[in-house]
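S.K.: let's see this in three dimensions:
(chains A, B and C)
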Amino acid sequence: MRREVPLTIVFICGAFMAFQYFVPHYASATVYEYALNWTTIISIFTLAVGIGSLVNLHSDRIARRKPTWRYSIVTLAALAFMTILGVSSPDALSNPTGLFMKVYFYILSPVQATMFALLAFFIASAAYRAFRAKTLLATLLLLSAVIVMLGRVWVGDMLTGWLPEGLRFSYVANYILDFPNTAAKQAIYIGVGLGVAGTTLKIILGIERTWLGGGK
Amino acid sequence: MYGGFWQKVADLDRRWIYLVIGLATFIPVLTYIRVPVSITSEVSAVYDKLDSLPRGTVVMVPMEFGPSTMAELQPMATAVLRHCFSRDLKVISTALQIEGVILVEQVLRETAMEYSKNYGVDYVFLGYKPSPDMVILNMGENFRNSFPRDYYGIELDSLSMMNGISNYSNTACIVNINATSGVDYWINYANGRYGADLALGVTAVIATDYYAFLHSGQIFGLMGGLKGAAEYERLIGRPRDIANRAMTSVSVAHVFIILFIIIGNAAFFANRRKDRS
Amino acid sequence: MTVAAFLTLCIFSFLYRDNPFYTFAEHLIVGISAGYWVAILYHTSLTDLWIEPLVASVRDFGNPGGSMIARGGMIVVNIMPGLIGLLMFSRFFKKTSWISRWPIAFYLGVSAGVALPLFLQSFVIRQVAANMINPVGVARNMAADLTVLVNYGNSTLLFWQGLGQIIIVLGCICGLAYFYFSAEHKGILGGAAKIGIWILMIGFGATFGYTVMARISLLIGRFNFLMDWIAAIGDYFKV
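M.R.: Here you go, the predicted structure:
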């Protein structure tokens, strides 16, 4: 019952949606549209569960006085503040002068942007410490990276502008992207497509059951 | 002594590397030196397509980026929207990435204001709904399935622009500005199932992946990262906009990264030779 | 704007070392993000897709005209997704957590069902179809370009374009050979796999080059913001 019902639901929904692609009848299209809508609504609650898990995690840290428990108070207070602010004002999302928008633009947006901007420093450090041309393959990778990096900016053509067009960095970078890179990514996508097809079939047929989680 | 020098180079504190790359990126920001930006065929394909559409044609410009990728994609989105509004194309937009909903709304509203465009007549913002794969599929049947109302709570049927517009087949093309893995859903579902003409504007991290779809004709154009944004700005005749100004910093930073790779490898091989001898 | 600049510098301080300012900003953003998500989901999705259609169908039930069964059916159709979604919250209680498998099963079944034919079509069939080049046409173009080069000393680069088409076809096959682990990489398969990994490395190198550009772009965005903030402070003190 605890495993059989979900497996049956997966099979019925999956098989119907897969076959519906080939059945353009009005009735099948109507059920298809309702299924898509229902799935979107269910995903709202799935996201809410994620937020609930976050609240649980930080509440537990505060209750057990774990090392960073004071910061967890900051997290929960910020969550409560933003939730009340957002839900209580009907025009929170459309009023550019409202407090909700101000918090978005002056707290959430700059911090998120800066967190990802740190990656520039880390990639420079990784380039210095880790990218070694130890083997032929590593050398190929580095050469390709250097040509693309130089070819995509004016420095590449400044260095090789005196060469025939076919040998300039910009042309070679375009060539690498249009041909070997395309070949590599095609191979990867064909592999991914076959893998996705296999995995979805296994899920629909109940062979793949890891999504059920542990327990009975 | 020779070995000691290269050992010191190899063991350099990473904070010096951070400082150098920070300065290499920051100093060009202080000055604006115009640098050449070459136009690639994949970006000009997007420009040519939008430029060839008759005035009043409806296009879709869904934007899925947030604060973490706005430095790359906001200039691109602004350039594409400026092109659409200057050509009097009507724009339908969505923001299927939750972090960027407010940001996308601001970009759309402010760019429309530059061209005195009216909401509901010249552009419509549908907003956000979760589960982008389901939403993209549902919009292929009817926009109203996923978006009975727009972002501002107005019923779609009361917007004059949405008269006769029910799904992708009523739009000329889709130019998807996307920072997420949801790009695959647009290719598989919007183009794969519903045959929509699709172009992509993506971050540089994932741009190289989509050349395969350009080759197969599943997308008609591809703009990658800040370089793609700079190219589009040039094409619409705005070579002093933000992406072009940033290309100087990008160029200098690239040179320094390559220097780091060369110095790091030189130190590695010098130390290896010393260890072997 | 000063708050934004202060928080930006708090995050940048991590480059020197981990410190309380960075940890504070990190925890603050987690809470703010989660609250933002709740607000967005409430305003844009929950009311639009579930609450309003449900209220409308309940209101319609009381109206005269039409089939009562049809109107009752609409209430069921509108209430069901919400009830299934609410079952997700059973995850928080150990004894009833198995019930949350039902909404997961529904979501997974629908997603898997739509993905199966479309991923095969877009990722496999269309990609393979794109490699069905006309070898005679390609060879003819390459030969024509070589003739022009020999006779006139100029190249229209068609030779390289033609060669590129061949690289795509052979490179894709060799790349797939590399990923085929069901047989030992010996002989022809081994040779193809070797060429495949070379092609893959060139592709990954191109990706790395673009990734560097992406990361630098994000940093430039932050520096532009800090410059705007410094300029705003300068203007403030001038007045």
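
S.K.: show me the contacts for the nearest residue to residue A:161 once chain neighbours are set aside.
M.R.: Excluding the flanking residues, the one nearest residue A:161 by Cβ to Cβ, 6 or more residues apart in numbering or on different chains is residue A:168, at 6.6 Å. Any C-beta I mention is one placed from the backbone N, CA and C, and that applies to glycine too. By Cβ atoms under 8 Å, 6 or more residues apart in numbering or on different chains, the contact set of residue A:168 is A:151, A:156, A:157, A:160, A:161.

S.K.: just residue B:155 next, same as before
M.R.: Applying Cβ under 8 Å, 6+ apart, the residues near residue B:155 are B:148, B:149.

S.K.: quick check: the gap between it and residue B:16.
M.R.: 59 Å (Cβ to Cβ, to the nearest Å).

S.K.: before we move on, what about residue C:4?
M.R.: 28 Å.

S.K.: ok, then the element right after the worst-scoring helix or strand of chain C on mean pLDDT?
M.R.: Within chain C, no helix or strand scores below helix C:135-152, which has a mean of 82 by mean pLDDT, DSSP states H and E. Next along the chain after helix C:135-152, taking DSSP states H and E as the criterion, comes helix C:158-178.

S.K.: and the angle for that next one with helix C:135-152?
M.R.: 140 degrees (axes from the mean of the first three to the mean of the last three Cα atoms, to 10 degrees).

S.K.: any part of helix C:158-178 near chain A?
M.R.: Yes: counting by Cβ under 8 Å from any Cβ of the partner chain, chain A is contacted by helix C:158-178 at C:160, C:164-165, C:167-176, C:178.

S.K.: chain center to that helix, what's the gap?
M.R.: 27 Å (Cα atoms, centre = their mean, to the nearest Å).

S.K.: and the average pLDDT for the helix or strand just after that helix is what?
M.R.: Going down the chain from helix C:158-178, the next helix or strand is helix C:187-238, by DSSP H and E. In this model, helix C:187-238 carries a mean pLDDT of 90.

S.K.: next one: the residue nearest the centre of chain A from chain B, what distance?
M.R.: In chain A, the C-alpha nearest the mean C-alpha coordinate belongs to residue A:116, at 14.0 Å (Cα atoms, centre = their mean). Going from residue A:116 to chain B by Cβ to the nearest Cβ, to the nearest Å gives 4 Å.

S.K.: please apply the same query to residue A:84.
M.R.: For residue A:84 relative to chain B (Cβ to the nearest Cβ), the value is 18 Å.

S.K.: so which residues make contact with whichever strand or helix holds that residue?
M.R.: Element membership of residue A:84, judged by DSSP H and E, is helix A:69-88. If you take Cβ under 8 Å, 6+ apart as the criterion, helix A:69-88 is touched by A:51, A:54-55, A:58-59, A:61-62, A:66, A:92-93, A:99-100, A:103, C:23-24, C:26-28, C:30-32, C:34-36, C:38-40, C:42-43.

S.K.: with stretch B:22-39 instead?
M.R.: Contacts of stretch B:22-39 (Cβ under 8 Å, 6+ apart): A:120-121, A:153-154, A:157, A:170, B:227, B:230-231, B:234-235, B:239-240, B:244-249, B:251-253, B:255-256, C:216, C:219-220, C:223-224, C:227.

S.K.: one more: stretch B:159-171?
M.R.: Contacts of stretch B:159-171 (Cβ under 8 Å, 6+ apart): B:58-60, B:90, B:92, B:120-124, B:139-144, B:150, B:156, B:174, B:190, B:194-196.

S.K.: list the buried ones in that stretch?
M.R.: B:159, B:161, B:162, B:165, B:167, B:168, B:171 (16 or more other Cβ atoms under 10 Å in any protein chain shown).

S.K.: ok so, going back, now the contacts of stretch B:22-39: which count as buried?
M.R.: A:120-121, A:153-154, A:157, A:170, B:227, B:230-231, B:234-235, B:244-249, B:251-253, B:256, C:216, C:219-220, C:223-224.

S.K.: before we move on, back to that, phi, psi of the residue nearest to residue A:161?
M.R.: Phi and psi for residue A:168, reported as degrees, to the nearest 10, are phi -70, psi 150.

S.K.: related to what we said a few turns ago, settle it for me: which of residue C:4 and residue B:16 has more neighbours?
M.R.: residue C:4 (21 against 11; other Cβ atoms under 10 Å in any protein chain shown).

S.K.: now the helix or strand containing the more buried one against helix C:187-238, angle please.
M.R.: For residue C:4, the enclosing helix or strand under DSSP H and E is helix C:2-12. Here helix C:2-12 runs at an angle of 140 degrees relative to helix C:187-238 (the same axes, to 10 degrees).

S.K.: what mean pLDDT does helix C:2-12 get?
M.R.: Here the average pLDDT along helix C:2-12 is 86.

S.K.: check which element follows it along the chain.
M.R.: helix C:20-40.

S.K.: now the residue of chain B found nearest chain C, what's its secondary structure?
M.R.: For chain B, the residue closest to chain C is residue B:71, as judged by Cβ to the nearest Cβ, at 2.6 Å. Each residue gets one of three states, and residue B:71 gets helix by DSSP: H, G, I helix; E, B strand; the rest coil.

S.K.: nearest residue to it other than its sequence neighbours?
M.R.: Nearest non-adjacent residue to residue B:71 (Cβ to Cβ, 6+ apart): residue C:221, at 2.6 Å.

S.K.: hang on, isn't the one you found packed against residue A:117?
M.R.: Yes: using Cβ atoms under 8 Å, residue C:221 makes contact with residue A:117 at a distance of 6.8 Å.

S.K.: got any residues that touch both of the two?
M.R.: residue B:71.

S.K.: who's more crowded, these two?
M.R.: Neighbours per residue, other Cβ under 10 Å: of residue C:221 and residue A:117, the larger number sits with residue A:117, 26 against 23.

S.K.: so who does that one touch?
M.R.: B:71, C:215, C:218, C:219, C:221, C:222.

S.K.: please, which helix or strand holds the residue lying closest to the last one once chain neighbours are set aside?
M.R.: With Cβ to Cβ, 6+ apart as the measure, residue A:117 is the residue that lies nearest to residue C:222, at 4.4 Å, once sequence neighbours are left out. With elements delineated by DSSP H and E, residue A:117 resides in helix A:109-129, which encompasses its position.

S.K.: so for that helix, what gets flagged as buried?
M.R.: For helix A:109-129, by 16+ other Cβ under 10 Å, it's A:109-121, A:123-129.

S.K.: what about residue B:200, neighbour count?
M.R.: With other Cβ under 10 Å as criterion, residue B:200 counts 27.

S.K.: contacting residues around residue 99?
M.R.: The chain I'm using is chain A. Neighbours of residue A:99 in contact, by Cβ under 8 Å, 6+ apart: residue A:85.

S.K.: you looked at the wrong chain, it should be chain B
M.R.: A:112, B:66, B:67, B:68, C:33, C:36.

S.K.: quick one: the first one and residue C:29 touch, right?
M.R.: Yes: in this structure, residue A:112 sits in contact with residue C:29. The criterion is Cβ under 8 Å, and the distance is 6.6 Å.
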